[in-house]
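*Asks:* Here you go, sequence then predicted model.
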4 protein chains.
Amino acid sequence: MTKAQKPSILLTGFAPFGGESINPSWQAVSVLEGEHIGGCIIHTKELSCEFDTSLRELHQAIDKYAPQLVLCVGQAGGRADISIERVAINVNDARIADNAGKQPIDTQVIAGAPSAYFTNLSIKRILMALQQAELPASISNSAGTYVCNHVMYGLMHMINQHDTHIKGGFIHIPYLPSQALHHPNAPSMSLDMVLSALKVIITSAIQNKDDIKVAAGTTH
Amino acid sequence: MTKAQKPSILLTGFAPFGGESINPSWQAVSVLEGEHIGGCIIHTKELSCEFDTSLRELHQAIDKYAPQLVLCVGQAGGRADISIERVAINVNDARIADNAGKQPIDTQVIAGAPSAYFTNLSIKRILMALQQAELPASISNSAGTYVCNHVMYGLMHMINQHDTHIKGGFIHIPYLPSQALHHPNAPSMSLDMVLSALKVIITSAIQNKDDIKVAAGTTH
Amino acid sequence: MTKAQKPSILLTGFAPFGGESINPSWQAVSVLEGEHIGGCIIHTKELSCEFDTSLRELHQAIDKYAPQLVLCVGQAGGRADISIERVAINVNDARIADNAGKQPIDTQVIAGAPSAYFTNLSIKRILMALQQAELPASISNSAGTYVCNHVMYGLMHMINQHDTHIKGGFIHIPYLPSQALHHPNAPSMSLDMVLSALKVIITSAIQNKDDIKVAAGTTH
Amino acid sequence: MTKAQKPSILLTGFAPFGGESINPSWQAVSVLEGEHIGGCIIHTKELSCEFDTSLRELHQAIDKYAPQLVLCVGQAGGRADISIERVAINVNDARIADNAGKQPIDTQVIAGAPSAYFTNLSIKRILMALQQAELPASISNSAGTYVCNHVMYGLMHMINQHDTHIKGGFIHIPYLPSQALHHPNAPSMSLDMVLSALKVIITSAIQNKDDIKVAAGTTH
């Protein structure tokens, strides 16, 4: 297969971390392997919940599939809706060790690189599309300082430095109901709803239209 | 139809209130009209979100259907899981006016009646059944002081005074996703999950077994 | 000292529980030992965080001080304001073992006694007084199912059965700031504010006026 | 007075916004006018809650006082603790209009400038100092997309471009108790605690030591 042969999309999820036995991101993403949306084929990849290793895996998958869209998905336990990340920052500050036992504190994701990268997805269009589908969603202005932010930053760095034709972004999803059983009062979202949301996001993202001006910020 | 003709279940939901255009309780309950669970037929009734009127409607429906189980369902916007109410108190204290414009403050649901009634459902069995089905749930120790508590209290009063063979209880459910669009950060639960939960609850309740001792309390 | 000698108030707090090294209720209550409010002297007592034992200690203190007002105070970690409990229910359902290792599940506080007792304080007056003093407060409709509810139920049972001249109630307070250090994102309230609140509550309660009709309920 | 005459600190708060009658940031900051901490005199300035205007006011105050430390403080209604902002992003996305009626959506704070700036304060030292003083605090990775982020971004841009000797940062504080009266269940912090926190922060910041490696990140 030559890289240009067929338009493709790369979806990534993460391995479980922090004591969980599953990660809802991979539970959802893996279901979409081989599906077609808007004339594109979806390839999926489970990333390790490890600093650096996750980025190497991501880069290998991008080399392999030459996607026009890369959407990384991660678990945000405690959030109630689909959150579309706006920005990744050049910081690793791990509250807990990653799955390899590493706990970087206040290091840079990529030494000497910019302080932050914005996603180049049209996030307000995606937000509107989700809301029209009655799927609760919001724009998030922080992907944290753990492996999720690390991967988003690394992805957007690569896109900005080398692969400016790729569209890239990061989506945080709530716990699955089976996880919420063990987290009293925690919101959750059914796998069906998450899958619906991912399809809506991909459909919007590959249309590749300029974004619209719709207020979706936060006062703090 | 004679009352003893056929074992039946009465499910009630509420009309929308508080500015909402739908009430998830009636959205869910109405779907189950005419369904059979465990050899019983399900009858449904939408109750007005009004003090007193709601109770008259409930009593009429009980007279009509002679159910062995009455399960009233209400919206608890902001809660993340299925909550099984343990107790109803003899107080009306309306934070907002009901749909008839009445706003009773610190009146009794039924003058001179006991301070509270407990549900006679085996709530810990129901909780376990929901959790085994991977449906997030908890025991709630307050149904509030609005029409939901009012209806639960009135139901349990009737059962305790006259109809001790009836099993009765109250279930609070989260917003539907379509409602959460308008309530930033609010948890929601899909209609499918709510329906699954109601079926699990009914299946457990009609088995009519003594409850089990499983801790599910709160420290405050 | 004869019982009638001097009008007195009994304030109780609890011993630490659940892994905490302090209990904000006793931290606050103990400061008020011997103070005078409205011509009454304040006596204080630290109750064990144990089922049954706590109630025996409470009864002994009431026998000793013959108070006209008994205000029991407890910790509600996670709540953001001063909450004035409206009602106690006749249930013990311990999520965690008490300090004596006992974990009653779905037992009664007092066998054969009523399902619930309401406080006989004028809780809406107290609420208004707190708000006028710019102290965040609310009415709570559940004191939980642990030792706090147990003590409130036992207190109101005694008052209703034997000591109808005594005014009694229960106040839940947030974590102290020093506790919130160990509970990320948990609200807290400074000791100064808690003390101010307790003085406002006592001042209102000993005026012994009929309550006012102000909506302060919840929809669920 | 010549600029170099005396080491000084500039503290800013904001005017009320979003329907509030006060802004806790200015309530607190204004109390510290003229105080001395660590040999420095504190100057204070109330900034308009307006895009652009706020930054002009900030720059004028910096020109006037030539501070070695600039600490901007803002209200974060709903947060429970003192939050030390790590980063400001080059985005204005106003959920509500500012006090001048402007509502920029997805514009840049400063056209063509970097995506983000980090504070140059030693935020982990500040965090440790607050916690040692039993003042609940955390590191925040988003100052939002409203006037607070706008001011922090503009401050750090100026520092990075021209005034690299100045230390600058942003602190978000909770509602005051008087505000929480109107926001049910919202956390609040007393003015005394906020003032204590600001003094601790200033004392730590002017020591101007390299930061320490203490994990204080978030997984999302």
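*Replies:* Received, thanks. Residues are numbered from 1 along each chain as shown, chains lettered A, B, ... in the order given.

*Asks:* Assign A:Ile201 to helix, strand or coil.
*Replies:* helix (DSSP: H, G, I helix; E, B strand; the rest coil).

*Asks:* Would you enumerate the residues in contact with it?
*Replies:* In this structure, A:Ile201 makes contact with A:71, A:82, A:84, A:126, A:129-130, A:171, judged by C-beta atoms under 8 Å, 6 or more residues apart in numbering or on different chains. From N, CA and C alone the C-beta is placed, and that goes for glycine too.

*Asks:* how close does the residue nearest to A:Ser30 when sequence neighbours are not counted sit to chain D?
*Replies:* Nearest non-adjacent residue to A:Ser30, counting by C-beta to C-beta, 6 or more residues apart in numbering or on different chains: A:Thr44, 5.7 Å away. In this view, A:Thr44 and chain D are 21 Å apart by C-beta to the nearest C-beta, to the nearest Å.

*Asks:* now do A:Val147
*Replies:* Separation of A:Val147 from chain D (C-beta to the nearest C-beta): 8 Å.

*Asks:* do the same with A:Ile37
*Replies:* 26 Å.

*Asks:* Single out the residue in chain A that lies closest to chain B.
*Replies:* Closest to chain B within chain A is A:Pro187: 3.5 Å, counting by C-beta to the nearest C-beta.

*Asks:* Could you double-check that that residue sits in contact with A:Gly78?
*Replies:* Yes - applying C-beta atoms under 8 Å, one finds A:Pro187 in contact with A:Gly78, separated by 7.3 Å.

*Asks:* Give me the common contacts of the two.
*Replies:* In terms of C-beta under 8 Å, 6+ apart, A:Pro187 and A:Gly78 are both contacted by the residues A:174-175.

*Asks:* The two - which one has more neighbours?
*Replies:* Set A:Pro187 next to A:Gly78 and count neighbours by other C-beta atoms under 10 Å in any protein chain shown: A:Pro187 wins out with 26 against 15.

*Asks:* Now the more buried one: phi and psi?
*Replies:* Here is the backbone geometry of A:Pro187 (degrees, to the nearest 10): phi -70, psi 160.

*Asks:* OK, contacts around it?
*Replies:* With contacts taken as C-beta under 8 Å, 6+ apart, A:Pro187 has the following neighbours: A:78-80, A:174-175, A:180, B:80, B:187-188.

*Asks:* Take the residues you listed and keep only those in helices.
*Replies:* A:Ala180 (DSSP state H).

*Asks:* before we move on, which element is A:Tyr117 in?
*Replies:* strand A:116-118 (DSSP states H and E).

*Asks:* which residues touch that strand?
*Replies:* A:86-90, A:152-153, A:156-157, A:159-160, D:87, D:89, D:91, D:114-116.

*Asks:* if we can go back for a sec, against B:Asp81, how distant is the residue of chain A closest to chain B?
*Replies:* Counting by C-beta to C-beta, to the nearest Å, the gap from A:Pro187 to B:Asp81 is 9 Å.

*Asks:* Touching both of these two, which residues are there?
*Replies:* Counting by C-beta under 8 Å, 6+ apart, the contacts common to A:Pro187 and B:Asp81 are A:Ala180.

*Asks:* Which parts of chain A are strands?
*Replies:* Secondary structure of chain A (DSSP state E): strands located at A:8-14, A:36-37, A:40-47, A:69-75, A:82-85, A:87-89, A:92-93, A:105-107, A:116-118, A:137-140, A:167-173.

*Asks:* what's the closest of the ones you listed to B:Gly101?
*Replies:* The closest of these to B:Gly101 is strand A:137-140. By C-beta to C-beta, the value is 34.8 Å.

*Asks:* Sheet partners, orientation included, of the closest one?
*Replies:* Here strand A:137-140 is paired, per DSSP bridges, with strand A:82-85 (parallel).

*Asks:* returning to what we had before: list the contacts for the residue nearest to A:Ser30?
*Replies:* Residues near A:Thr44 by C-beta under 8 Å, 6+ apart: A:10-13, A:29-30, A:32-33.

*Asks:* With A:Asp163 instead?
*Replies:* A:Ile62.

*Asks:* Any idea how many residues pack against the residue lying closest to A:Tyr175 once chain neighbours are set aside?
*Replies:* Closest residue in space to A:Tyr175, ignoring its immediate chain neighbours: A:Ser188 at 4.6 Å, by C-beta to C-beta, 6+ apart. By other C-beta under 10 Å, the residues close to A:Ser188 number 29.

*Asks:* so what's A:Val31 closest to, chain neighbours aside?
*Replies:* Distance criterion C-beta to C-beta, 6+ apart; nearest residue to A:Val31, sequence neighbours excluded, is A:Leu195 at 6.0 Å.

*Asks:* ok, that neighbour - contacts?
*Replies:* Residues near A:Leu195 by C-beta under 8 Å, 6+ apart: A:28, A:31-32.

*Asks:* For B:Arg56, state which of the residues you listed is nearest.
*Replies:* Nearest to B:Arg56 among those, counting by C-beta to C-beta, is A:Ala28 at 46.8 Å.

*Asks:* Quick check: which ranges of chain A have low pLDDT?
*Replies:* Along chain A, the model assigns pLDDT under 70 to residues A:1-5.

*Asks:* Chain B contacts on that one?
*Replies:* Taking C-beta under 8 Å from any C-beta of the partner chain as the criterion, chain A approaches chain B at residues A:80-81, A:131, A:134-136, A:138, A:177-178, A:180-181, A:184-190, A:192-193.

*Asks:* And the buried ones among these, selectable in ChimeraX?
*Replies:* Filtering these down to the buried ones (16 or more other C-beta atoms under 10 Å in any protein chain shown) takes a single ChimeraX command:
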select /A:80,81,131,134,135,136,138,177,178,180,181,186,187,188,189,190,193
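
*Asks:* can you count the residues close to A:Asp52?
*Replies:* Residue neighbour count, defined by other C-beta under 10 Å, stands at 17 for A:Asp52.

*Asks:* I misspoke; the intended subject was A:Ile82.
*Replies:* Using other C-beta under 10 Å, A:Ile82 has 27 neighbouring residues.

*Asks:* now do A:Ala111
*Replies:* 7.

*Asks:* residues in contact with it?
*Replies:* Contacts of A:Ala111 by C-beta under 8 Å, 6+ apart: none found.

*Asks:* give me phi/psi at it?
*Replies:* Dihedral angles (degrees, to the nearest 10) for A:Ala111: phi -60, psi 130.

*Asks:* how much space between it and B:Gly154?
*Replies:* Applying C-beta to C-beta, the value for A:Ala111 to B:Gly154 is 68 Å.

*Asks:* How about A:Ile96?
*Replies:* 50 Å.

*Asks:* okay, those two: which has more neighbours?
*Replies:* B:Gly154 (24 against 12).

*Asks:* residues in contact with the nearest residue to that one once chain neighbours are set aside?
*Replies:* Excluding its sequence neighbours, the residue lying closest to B:Gly154 (C-beta to C-beta, 6+ apart) is B:Leu55, at 4.0 Å. By C-beta under 8 Å, 6+ apart, the contact set of B:Leu55 is B:109, B:150-151, B:154.

*Asks:* Counting neighbours, which of the residues you listed comes out on top?
*Replies:* B:His150 (28 neighbours).

*Asks:* doesn't B:Ser54 make contact with it?
*Replies:* Yes - between B:His150 and B:Ser54 there is a contact at 6.7 Å, judged by C-beta under 8 Å.

*Asks:* Count the neighbours of A:Gln161 for me.
*Replies:* 12.

*Asks:* mind listing what it touches?
*Replies:* Going by C-beta under 8 Å, 6+ apart, A:Gln161 touches no other residue.

*Asks:* The one 5 residues further on too?
*Replies:* By C-beta under 8 Å, 6+ apart, A:Ile166 lies in contact with A:62, A:67-70, A:159.

*Asks:* Tabulate these (JSON lines), appending neighbour count.
*Replies:* Converted to JSON lines, the contacts of A:Ile166 look like this (neighbours: other C-beta atoms under 10 Å in any protein chain shown):
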{"residue": "A:Ile62", "neighbour count": "22"}
{"residue": "A:Pro67", "neighbour count": "23"}
{"residue": "A:Gln68", "neighbour count": "17"}
{"residue": "A:Leu69", "neighbour count": "23"}
{"residue": "A:Val70", "neighbour count": "27"}
{"residue": "A:Ile159", "neighbour count": "20"}
